[in-house]
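Engineer: Please work out how this folds:
(2 chains)
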Amino acid sequence: MHLSKRLFALGTTTAILISACGGTAATPSPSAAASSAAPSAAASSAAPSAAASSAAPSAAASSAAPSASAVQAPNLKIGVVTDIGTLNDKGYNEYTFKGATDGAMAIGAAAPQSIVPKDASEYAADIKQFVDQKYDIIVTVGFNLTNDTVAAAKANPKIHFVGVDQSPVCVDPQGNPDTTFACKGDAKTLLPNYTSLYFAEDQAGYLAGIVAAYASKNKSIGAIGGTTLCAPCVRYIQGYDMGAKSVTPDIKVTAAYVTNDFSAAAFNDPAGGKAFATTFISTNKPDVLFQVAGKTGNGILEAACQKGIYGIGVDVDQYVSLGAATDPTYGCIITSAEKHVESATSQAIQEIAAGTLSAGDVLFNANNDGIGVSDFHDKASMFGPEVTQALNTALAGMKSGALKTCPATGCGDAKTPLP
Amino acid sequence: MSAPAPAPRARGGVSRARVWSLVAVPLAVIVGSAVLGAAVILLSEPLIPGRQFDPLLWLTAYEAMIQGAIGDPQEWAALDFHSLVSTLVNTAPLVFGGLAVGFGFKAGLFNIGAQGQFLVGALGAVIVGVWLHDAPAPLAIAGATIAGMAFGAAWGFVPGFLKAFAGAHEVVSTIMMNYVAIQLLAALVSGPLKVPRSPQAITFDVGNAAFPVIPFLQPNGHLGILLALIAAVGVWWVLYRTTWGFEVRATGASPDASRYAGMRPRLITVATMTFSGMLAGLAGVCVLLGVTKSMTSSFGTTVGFDSIAVALLARSNPLAIVPAALLFGGMRAGAGLMQIQAEIPAELVDVIQAVILLALVTSPVIRRLLHADTRGSHGTETAASPAAEAAR
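Structural biologist: Numbers count the residues shown, from 1 in each chain, chains lettered A, B, ... in the order given. The predicted structure is shown next:
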C-alpha cells in the first residue's frame, strides 16, 4: 500500500505539472520571454539608418516624443487595462501601454499604471479598480473589453475612456452596450467621454502593395489573411491589391485566408500558417507574400523565406520584432504594413489633455500618422528613388482624400472579389 | 490503508489533533509562500532597469493586495463594501471548483479536468441562457443553471466511464477533455453562437437568466455566492451523512476492500466523476450568469486549475474549501490594486499560488517538521501526498 501511495503521489505531482503547462499553452497569451527592447525600437521606428531615407513614410512613425506643443496636464492619472496575456506581448497590450506612457510624458503626467486581467471575467472589475482610485483617463485594449468599457463610460461620465480597436462603437438608445448589435444609439452624443481608436488598414496595405509590386520580378504577388471574418485583415489585403496595381496594372494578386472562423488557426498557429503558406506558394507562384495573420503569420513569413521569396510583415516592423537581422528564418522580410497603435494612443491622451479628442469612432490614417510602411533595412538597395517617390505620392493622395485605397463597396468584406 | 482512523473522523467529526493538522499545515504553507513571494519581489526588483530599489516594496504590494481584497476602514465607514464583495465574487466559482476536485480526491480520483468541465458548464449556461433570455427570471435562471450542470456532468462522465470500464487513467483523459472543451468553445462562440451582426466573436447576453444581485451584497454580489455556500454544506452532507458518500470515501481509501465489502467501485467511479463534473460545471455557470453574462472567445479562466490548489489546501474537506477558496479569491480580487499601487504584475499571485501548491504536494515533509514531537500520537503519518491524505 505504501508503494501505491507513493506512486499516486508521483502521479499527482506530474499531473499538476502537466496541467500547469497545459494551462499556459491553452491561453492565447504570448510567451513571457518577450523582451521589450526589440519591439520598442520597432514601434517608434525612429532608427535613422542609412536606409531610412528610402522609406520616408516610416520616419513619420516616430511621433510621440514629448513635444513642447502638447498641452500640459500634470494632474491627469492614466490607467491601462489590457486584454488577458502579458504586458510585453509584442502586440496590442505592449504598444498601447507604450503609447500611454509616451502620452503621459508629453502632457507631463505621471507614468500610467496598468492592470493585466487574469481572465475574461475580470475586465469590469479591473476597470472599476481605476475608477475607484479616481483615475482620469482609462485606456482599454482590444475588442473583448468593449462592453465593459462602454458600460463603465456610461456609469462614470467624468472619466475619459479610450478603447483601442473597439469600433464600430455600438450602443442602444440609452447608451448601454448593445449586445444585439442593432446599434440604434448615437455613441458620440450618448457617451461623449468614450473614444474608440481604429485604423485605416487599407492605406497601410496600399503602401505595402506598392513596395511588393516594385519587388516582384514575375508579376505575381500574394497575400494571406488569418480569417475572412476579420474586417481589418480584409482591408489590409484590399489595399495591398490596389496599391500593387497602381504600380503594375497587370500584376497578378492572389489572396487567401487560413480559415473562416475565429479559431486558433486564424491568429495563433504558426505551424499551421507555415503549412498553409507552403501550399499557397507552390500553387500560385508569387514572389512576394504579405501576411495578415498575427502569430499564424509568423509561420507564413517563415515559409516565404524558406521558399526563397520575399515576405511582408504586418502591424509593426516585423523585421525588427522578429529579429530578422540576425535570424535568417525571417531574413526575407522587405517591409511591413504598419498600424501605429502606439502613436495613436499617445495622441489620444494628448488630445484629451487639450480637450480636443472627439467621441465615438476615431480613425487613424495617413492624415494623423495612424498608418505607414516600415523601413527596408538590409533590402534598401533593392529599391530605387522611384519607390520612395511612389510611396510619397500615394501618402499625399491619401492625405488629400483623392486616393481611394479600398473598394467603394464591400470594403472589409472578404466576399468582394479583388478587382 | 495503514492509518487507523480515529472513530470521530469517519463521520467528519473533529478531534483536537485533527483540527491542528487541518489548520497548522495550511497556515504554515500560506505564511511561507507569502515570505517567498516577498523574496521574489526583492530579488527581481534590481532586474528592472531604471527602477529605484525599494526595500519595502513587498510590503506595499501586500498592503495593496489586502486593501483590494477587503477594502479600507474609510470605505467601511461609508458602508461601502465593494472590495469584500469582489472577493466573494471571485471566491464563489473557486468553491464549486474546489468541491469538484476535492470530491474526486475523496474517491481516490484526480479530476484535473475541472477546467474543461468549467468551460462546458459555462457553455451550457450561455446556450440555454440566451435561448431563455426573455423568459421569466426564475425559469430562465433555473434552465440555464441546470443546462450548465448537465454539460459539466457529461464532461465528467466520459473520463469516469473510460476509467471504470476501459481502464483509461482519469488524469490523462480529463486533461485531453480540457483541450476538447477549449476548441469546442472557440468553435461555437465564433460560429453558431456568435451575434450575426457583430464584427467579432461574442454571444448574445443571457438577459433574464443572469443571476440577480443579492440586496445586501451591492454592487455585484450575485446569487452564485449563496449557491456556493449551500453547495459546500451539501457536499459535506453527501460525503459524511449518506451511504453513497460513505461508499465514495471507502472506495477512495481502498477499492479492493470496498469491493470485498460488496460495493461496486466501477459505478462509484463513474458517479463520482459525473458529480465532480457537475460541480465544476456550476463554477462555469457561476462566472457566466453572475459576472460576464455573455461569452467572448477569450472566455476561459484559470478557475479550473486554481481549484486543484484550493482542494489541496483544504485537504478536500468540503467545509474547509470555503476558507481556502476565500484566500485565493481574495488574492485575485486584490491583484488589480496591487498592480496599480505597487506596479507589480499579477503574475506574483501566480507565484504565490504555485508555491502554495508545491508546498502542499510536498506537505508530508512539512508535516513531519511540524509534528516531529507528536508523531507517536498520530499513528503512522506516512501519507505520501495530500491527495492520498485527502482520500482517507
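Engineer: Around chain A, which positions in the stretch 51-200 of chain B sit nearby?
Structural biologist: The interface of the stretch 51-200 of chain B toward chain A, taken as Cβ under 8 Å from any Cβ of the partner chain, is made up of B:68, B:82, B:86, B:89, B:108, B:110, B:112, B:115, B:171, B:175, B:178-179, B:182-183, B:186-187, B:189-191, B:195-200. To be clear about C-beta, it is placed using only N, CA and C from the backbone, and glycine gets the same treatment.
Engineer: Report the beta-bridge partners for the residue nearest to the spatial centre of chain A.
Structural biologist: Nearest residue to the geometric centre of chain A (Cα atoms, centre = their mean): A:D315, 4.4 Å. Note on A:D315: beta-bridge partners by DSSP bridges are A:E338.
Engineer: Filter the residues of the stretch 51-200 of chain B next to chain A down to the buried ones.
Structural biologist: Neighbour-count burial (16 or more other Cβ atoms under 10 Å in any protein chain shown) applied to these gives B:68, B:82, B:86, B:89, B:108, B:110, B:112, B:115, B:171, B:175, B:178, B:182, B:186, B:189-190, B:195, B:198-200.
Engineer: Out of these, list just those in helices.
Structural biologist: Mapping those onto helices (DSSP state H) picks out B:68, B:82, B:86, B:89, B:115, B:171, B:175, B:178, B:182, B:186, B:189-190.
Engineer: Which member of those is positioned nearest B:L226?
Structural biologist: B:V89 (12.0 Å; Cβ to Cβ).
Engineer: B:C286 is in contact with the closest one, correct?
Structural biologist: No - counting by Cβ atoms under 8 Å, B:C286 is not a contact partner of B:V89; they are 9.0 Å apart.
Engineer: immediately after the host helix or strand of A:A266, which helix or strand?
Structural biologist: Per DSSP states H and E: A:A266 is located in helix A:264-267. Beyond helix A:264-267 on the C-terminal side, the first helix or strand identified by DSSP H and E is helix A:270-284.
Engineer: any idea how far B:A342 is from B:T60?
Structural biologist: Distance of B:T60 to B:A342, computed by Cβ to Cβ, to the nearest Å: 5 Å.
Engineer: Neighbour count for those two, which is higher?
Structural biologist: B:A342 (21 against 16; other Cβ atoms under 10 Å in any protein chain shown).
Engineer: Tell me the confidence at that one?
Structural biologist: On pLDDT, B:A342 comes in at 81.
Engineer: remind me which residues of the stretch 51-200 of chain B are low pLDDT?
Structural biologist: B:199 (pLDDT under 70).
Engineer: Now do the strands in it.
Structural biologist: Here the stretch 51-200 of chain B has no strands by DSSP state E, counting those that start in this stretch.
Engineer: Export the helix or strand hosting A:A153 to PDB, keeping only CA atoms.
Structural biologist: Assigned by DSSP H and E, A:A153 falls within helix A:146-155. Listed next in PDB are the C-alpha coordinates belonging to helix A:146-155 (Å, rounded to 0.1, in the frame of the first residue of the first chain):
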ATOM      1  CA  THR A 146     -15.700  46.700 -25.500                       C
ATOM      2  CA  ASN A 147     -18.900  46.100 -23.500                       C
ATOM      3  CA  ASP A 148     -17.300  46.600 -20.100                       C
ATOM      4  CA  THR A 149     -15.700  49.800 -21.300                       C
ATOM      5  CA  VAL A 150     -18.900  51.200 -22.700                       C
ATOM      6  CA  ALA A 151     -20.800  50.300 -19.500                       C
ATOM      7  CA  ALA A 152     -18.100  51.900 -17.400                       C
ATOM      8  CA  ALA A 153     -18.100  55.000 -19.600                       C
ATOM      9  CA  LYS A 154     -21.900  55.300 -19.100                       C
ATOM     10  CA  ALA A 155     -21.600  54.900 -15.300                       C
END
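Engineer: is whatever helix or strand comes next after it anywhere near chain B?
Structural biologist: Where DSSP H and E defines the elements, the next helix or strand beyond helix A:146-155 is strand A:160-164. No - on the criterion Cβ under 8 Å from any Cβ, strand A:160-164 is out of touch with chain B, staying 12.6 Å away.
Engineer: next structured bit after strand A:160-164?
Structural biologist: Note on strand A:160-164: by DSSP H and E, the next helix or strand toward the C-terminus is helix A:187-190.
Engineer: list the helices and strands that next one packs on?
Structural biologist: Using 3 or more Cβ pairs under 8 Å, 6 or more residues apart in numbering or on different chains; DSSP states H and E, the elements in contact with helix A:187-190 are strand A:360-364.
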